[in-house]
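> this one's sequence-less:
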């Protein structure tokens, strides 16, 4: 498996794996970091980090990541434990599962989608920021 380390950054996120615009890759990628695809990819991508499909990126297969941003073309199965975002140049054809879906004006989505409920999220992957509930009776110290 070819793996390219990059020091490229997008905003405050470091890109750990990059498939460049002039590159194509067939196979499987399993990672814990952020991945960006600007070239062609066919196969399966699984990462505990985020996945960005650039405007020139073309992915065919199955992808699973924490958050996914699609600016290019994706055909296949997509699963985002967090947010799936299609920007205006994005095109998604296939099945999608996500907790939060954002489709900007101009983006194309053809297929089926399923929103994952909070109960289906993996425990420990999300920081709980719920408002504390008022407790009645004696307070308990943890």
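Noted; the coordinates are in hand. This structure is a prediction, so every number in the text was calculated from the model and none was measured.

> Okay, now the sheet partners of the helix or strand harbouring residue 63, with direction.
Using DSSP states H and E, residue 63 falls within strand 58-65. With DSSP bridges as the test, strand 58-65 is paired with strand 40-47 (parallel), strand 73-86 (parallel).

> What's the mean pLDDT across the longest one?
Within the predicted structure, the mean pLDDT of strand 73-86 is 96.

> Flag every buried residue along that strand.
By 16 or more other CB atoms under 10 Å, the buried positions in strand 73-86 come out as 73-76, 78-82, 84-86. The C-beta positions use only the backbone N, C-alpha and C, and glycine is treated the same way.

> per-residue confidence at residue 135?
In the predicted model, residue 135 carries a pLDDT score of 53.

> mind listing what residue 67 touches?
Applying CB atoms under 8 Å, 6 or more residues apart in numbering to residue 67 gives the contacts 50-51, 80-85.

> hey, what's the residue nearest in space to the middle of the chain bridged with?
Closest residue to the average C-alpha location of the chain: residue 68 at 2.3 Å, with CA atoms, centre = their mean. Per DSSP bridges, the residues bridged to residue 68 are residue 51, residue 84.

> just checking, it touches residue 51?
Yes - taking CB atoms under 8 Å as the definition, residue 68 is a contact partner of residue 51 at 4.8 Å.

> list residues touching both of the two?
Counting by CB under 8 Å, 6+ apart, residue 68 and residue 51 have no shared contacts at all.

> Residue 111 is in contact with residue 92, isn't it?
Yes - with contact defined as CB under 8 Å, residue 111 reaches residue 92; the gap is 6.8 Å.

> quick one: which of the two has more around it?
Neighbour count, other CB atoms under 10 Å: between residue 111 and residue 92, residue 92 has more, with 25 against 13.

> Thank you kindly, that will do.
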